[in-house]
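**Q** fold the following, please.
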Amino acid sequence: MVATNEAPLTQAERTALSDQRMLAAAVRLIVERGPEKTTLKALGEAAGYSRGLVTYRFGSKAGLFKAVIKTVSERFGQEVETAVADSKGIEAVLAAAETYYRFVLSSPKDIRAMQILCHAAAEPGSSLTDIVSRVQAKQRSQVAAWVVDGQHHGAINKDLCAETFAARFCAYIIGMTLYWMVDSRSVAWERAHHDFKLNIQQQLAA
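**A** All right, here's what the predicted structure looks like:
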């Protein structure tokens, strides 16, 4: 018998752990099988939990997919906030671009699952349209705020439309990720990222 000082997990900790495992399994299934074949039953089997628990936790496939979108987007958002910290204007935009590049390299399955679900949101009648729209709107708003702040301090071209730049910034990220997902060999990712940051500086410079 080996004595242990580890306290048993609380109910809240067990719930958080099961959520983490189920969401990680959901990401794997979405990437490997696609949304159509990512069923609650398959998720329970992959994560090692009953279908009843999966259904209780997420309610439906749409609920599961929304949870994946929420979790991945929030984690990315937290990493952006950490990287940007007190940076302003151009430096904040460049820090966000660098964070996205690192996120793709460090969490490729998460970003693939996120993009698959975001594209599914474009289908007619998709139940994911609202949440994806909110996530994208929040990202555009954040980028636009950095631009406006830089304009206020004279570091960014005052004639530039902050909202239009933010839309282009986010569209670039979506488009390059799609290229990378379909054929990673077709994209010189490191060079493209380097050029993207140079382009940001050129567009924003006062």
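
**Q** show me the shaky parts of the protein.
**A** By pLDDT under 70, the low-scoring segments of the chain are 1-6.

**Q** what do you get if the cut-off is 80, keeping everything else the same?
**A** 1-7, 9, 11, 184, 186-187 (pLDDT under 80).

**Q** which residue is nearest the centroid of it?
**A** residue 73 (3.6 Å; CA atoms, centre = their mean).

**Q** I'd assumed residue 136 was in contact with that residue.
**A** No - using CB atoms under 8 Å, residue 73 is not in contact with residue 136, being 9.3 Å away. In short, each C-beta sits where N, CA and C put it, glycine included.

**Q** residue 138: helix or strand, and which one exactly?
**A** Here residue 138, judged by DSSP states H and E, is contained in helix 129-152.

**Q** other SSEs contacting the helix or strand just after that helix?
**A** Toward the C-terminus, helix 129-152 is succeeded by helix 162-182 as the next helix or strand (DSSP H and E). In terms of contacts (3 or more CB pairs under 8 Å, 6 or more residues apart in numbering; DSSP states H and E), helix 162-182 is packed against helix 89-106, helix 108-120, helix 129-152, helix 189-204.

**Q** need these in a markdown table (columns: distance to residue 162).
**A** As requested, the helices and strands packed on helix 162-182 are exported to a markdown table (distance: least, CB to CB, whole Å):
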| stretch | distance to residue 162 |
| --- | --- |
| helix 89-106 | 11 |
| helix 108-120 | 23 |
| helix 129-152 | 4 |
| helix 189-204 | 10 |
